[in-house]
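Peer 1: I would like the atomic coordinates for the input below:
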Amino acid sequence: MLKARMCVREMHEYHSPLSAPAVDLRLDMNESTTGCSPRVLARLGRMDARSLALYPCREDGEQLVAEFLGVNTQEALLTNGADEGIDLLCRAYLEPESEIIIVVPAFTMYEVFAQMEDARIIRIPTGPEHSFPEQKVIDAVNSRTRMIVICNPNNPTGVPVGRSSISRVIEAAPDAAILVDEAYFDFNGETMIDQIGMIPNLFIARTFSKAYGLAGIRLGVLLGEKEQMSILRRMASPFNVNAFALAALKEALADRQFVADYVAQVGASREWLQNALDRLNFKCWPSRANFLLCRFGEHKKAILEAMRARGIALRDRPDCEGCVRITIGTQAEMERLIQELKQVLSLLPAARQVVR
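Peer 2: Numbering: from 1, shown residues only. All right, here's what the predicted structure looks like:
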């Protein structure tokens, strides 16, 4: 009887928590609630039948994004979302019984892709207040370590990782692929991109799903030293990025003011929301991303269900006890969230004392 590999058979299927149609405010997927630049929509509206009938040329887009990021074209590979870049790294560098170090809580797909290669997953818990556990990561490095993932800022905590910590981890593991996932770079502003090409085992993943509002397009970029990237390029499908994504890319990169305005709005609304949740006696961790990690405690399940019934979806994080992750929307959306949350709390007898 035909059987898949044992490591695949033993994997848990990833179920995306996409909201039901009744939910009209999705604050559970770290998407932009504002959407993409009007220039992107206008460009997509000019797509014609011939452009859709031809295979897309990814290389033109790679030259464009490389110039934008200040790297060599050979150091950039456009991917079908940042997920594909992570998958390529795992496929290239992980083997059965080799080890990947992941700081948890973390983005689920790191483990999914590692499991597909039958690698051993070494989970290092975050430090106090979800700080990056630099020394514990370094102590976990050994001859079997083939990959280390550093998400900066981390998802789901929003806590950033200092450049010096990243550099020390890289120095401690010269024979491992070091992935710095900068999916939320635009909200954080700190990057290792100036080290691309200088450190042969450093890779950076970026996405256009967050600050650019293009999650539905599925477009990311993986950066690394050109010799290593040539290996990954052999593994990537030649037409992994579709014509819509490539058409949107040029306008998305050109409209810098749109992105700057959105990032500024997220920062202001995030601060407002954190203050509002603090006044309700809910703990939040300072975030440098487009979301907040908030502890609802023992009432989490009841609050999540009640909020969903009111059309608002928040992301349950069972890997952080009592916590949910809340995407930052517009100011009006954040005010609606707090208003609905107060009403929900007033209807939960055991939680009434939470509201001041």
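
Peer 1: not counting residues beside it along the chain, what's closest to the residue most central in space within the chain?
Peer 2: Centroid-nearest residue in the chain, with Cα atoms, centre = their mean: A183, separated by 4.6 Å. Spatial nearest neighbour of A183, excluding adjacent residues (Cβ to Cβ, 6 or more residues apart in numbering): T207 at 4.8 Å. C-beta: built from backbone N, CA, C; applies to glycine.

Peer 1: tell me where the stretch 151-300 of the chain has helices.
Peer 2: 163-172, 185-188, 226-235, 243-254, 256-279, 300-309 (DSSP state H, counting those that start in this stretch).

Peer 1: which residues touch the shortest one?
Peer 2: Applying Cβ atoms under 8 Å, 6 or more residues apart in numbering, the external contacts of helix 185-188 come out as 152-153, 160, 182, 191, 206, 210-211, 259, 263, 266-267, 288-290.

Peer 1: now that helix: average pLDDT?
Peer 2: For helix 185-188, mean pLDDT is 98.

Peer 1: can I get it as CSV, trimmed to CA atoms?
Peer 2: Extracted in CSV, the C-alpha atoms of helix 185-188 (Å, rounded to 0.1, in the frame of the first residue of the first chain):
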residue,chain,number,x,y,z
PHE,A,185,10.5,45.1,9.6
ASP,A,186,8.5,48.1,8.4
PHE,A,187,7.0,48.5,11.9
ASN,A,188,10.3,47.9,13.6
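
Peer 1: so V180 versus I193, what's the distance?
Peer 2: With distances taken as Cβ to Cβ, to the nearest Å, V180 is found 9 Å from I193.

Peer 1: please read the previous query as pertaining to D316.
Peer 2: Note on D316: its distance to I193, by Cβ to Cβ, is 33 Å.

Peer 1: likewise E333?
Peer 2: According to Cβ to Cβ, E333 stands 31 Å off from I193.

Peer 1: just to revisit the earlier point, by neighbours, which of the contacts of helix 185-188 wins?
Peer 2: In terms of neighbours by other Cβ atoms under 10 Å, these top out with A289 at 29 neighbours.

Peer 1: tell me how many other residues surround the nearest residue to that one once chain neighbours are set aside.
Peer 2: Leaving aside its chain neighbours, A289 sits nearest to Y184 (3.9 Å; criterion: Cβ to Cβ, 6+ apart). Taking other Cβ under 10 Å as the criterion, the count of residues near Y184 is 24.

Peer 1: in contact with Y184, which residues?
Peer 2: N152, P153, N155, G158, K210, R288, A289, N290.

Peer 1: name the nearest of these relative to A140.
Peer 2: Of all those, A140 sits closest to N152, with 18.1 Å by Cβ to Cβ.

Peer 1: quick one, phi/psi of that closest one?
Peer 2: As for N152, its main-chain torsions (degrees, to the nearest 10) stand at phi -130, psi 110.

Peer 1: with adjacent residues omitted, what lies nearest to it?
Peer 2: In space, and not counting its chain neighbours, N152 is closest to V161: 4.2 Å by Cβ to Cβ, 6+ apart.

Peer 1: where in the stretch 201-350 of the chain is pLDDT low?
Peer 2: Within the stretch 201-350 of the chain, the segments meeting pLDDT under 70 span 349-350.

Peer 1: hang on, the earlier thing: pick out whichever of V180 and I193 has more residues nearby.
Peer 2: V180 (26 against 18).

Peer 1: distance check, that one against G127.
Peer 2: As judged by Cβ to Cβ, V180 and G127 stand 18 Å apart.

Peer 1: before we move on, back to that, the residue nearest to the centre of the chain contacts A205, doesn't it?
Peer 2: Yes: between A183 and A205 there is a contact under Cβ atoms under 8 Å: 6.7 Å.

Peer 1: shared neighbours of those two, which are they?
Peer 2: Common neighbours of A183 and A205 (criterion: Cβ under 8 Å, 6+ apart): A82.
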